[in-house]
Structure formats: structure tokens, C-alpha cells
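Enquirer: Provided below for reference: sequence and predicted model.
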Amino acid sequence: MSDATESRRHTARLVTVSFVLHGDDVLLIRHPADNDRFAGQWNGVGGHVEAGEDIRQAALRELREETGVVAPQLSLRGVVHESGLLGVAHVLFIFLGRATSRDVVSLEGLELRWQPIEKIEDLPLVHDAAFLLRRAIGADETFFVQETYDGGDRRMSLRIDGEHHDGDA
């Protein structure tokens, strides 16, 4: 393989985002206002996949570490490829699960809330969190999303299951 080919290869960070349900509520997490990404905004629970870690195990670990919740039936619902968001590419693996209890244990600096699904739009959410949650709940099979950003946080294009979409998800 030539150096030119190698330099064009795309690399991305692997990330999990889990939406855990209990009844008609979803568990959301908010990072501090001084966080470097999505400061003060609500999202599903997740984080980076560690080297050598399987994707589902990473989702379960992040859920346990950040909330104390164990969701034995966490299932993959979607894959999101973000290019250029804040200058970095990510591949997000979107999981959906059910908790057997509403008990949570928050890490210092993180806020957790069980929020009625029908009221999530009332919160300051990460821009695509409501869309991804609703898509995960309604998915009969794994969905695929491709988002391209301007190097900052402005989305330039959106493709859902291979089809181009204008505007916000």
C-alpha cells in the first residue's frame, strides 16, 4: 500500500451511547457545564471503547461505571458515523436496554435523571439525542446514520439508512 493511500484512510474513535428505559422513562446523563464536549447537555449514557474491548461490553461497562445500572438485555439498535464533529470522527454504537430498578449512583460531576420519554425535548439535549432515542425505540433492525460536520458543531449533511435528509434529525 502506498503512503498516499494510507494517508487517505479514515480513522474514527469508537463510542457507545446507551438509552436505558424503565417504564415510560429513559435514563439521561448531563456532563458539567465546563465539559469539553456537549457541556451542560443531556444525552444517553456512554463513552469510549477501550483497546481490546468488545463493543457491547464497553456499553455495559460505561453504563455500570457512570450510573451503577445493570441492563442485562442491552441490544445494538444503531450505528452513527460522525465525520468532522469538533474536528474528530466518531463511530457511535447506539444501544437500547431496560433497567430492572430505578436506582442509580452518579459519579461526581455528572447528573442523572429518569425523564419521561415524551418530555425529553424540554431538556437541553445533545443535538441528535431525541432522534437517536426515538429511532432506537422504533427500530425493527439496526439503523445506520452518517453525519458530516464543518469541523465544529454545525452539521453539513445527514444520511439515514443511505438516504439524504435536509435539516435536523
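Expert: Ah, there it is.

Enquirer: for Ile94, see how far away the residue nearest to Asp150 when sequence neighbours are not counted is.
Expert: Leaving aside its chain neighbours, Asp150 sits nearest to Met156 (5.4 Å; criterion: C-beta to C-beta, 6 or more residues apart in numbering). Any C-beta I mention is one placed from the backbone N, CA and C, and that applies to glycine too. Applying C-beta to C-beta, to the nearest Å, the value for Met156 to Ile94 is 21 Å.

Enquirer: got it, and Asp34?
Expert: 26 Å.

Enquirer: what is the helix or strand that contains Trp114 packed up against?
Expert: Using DSSP states H and E, Trp114 sits within strand 111-116. Contacts defined by 3 or more C-beta pairs under 8 Å, 6 or more residues apart in numbering; DSSP states H and E place strand 111-116 against strand 25-30.

Enquirer: what is the strand it packs on packed up against?
Expert: Secondary elements touching strand 25-30 (3+ C-beta pairs under 8 Å, 6+ apart): strand 13-22, strand 42-43, strand 45-48, helix 55-67, strand 111-116.

Enquirer: which of those sits closest to Ala129?
Expert: strand 42-43 (5.0 Å; C-beta to C-beta).
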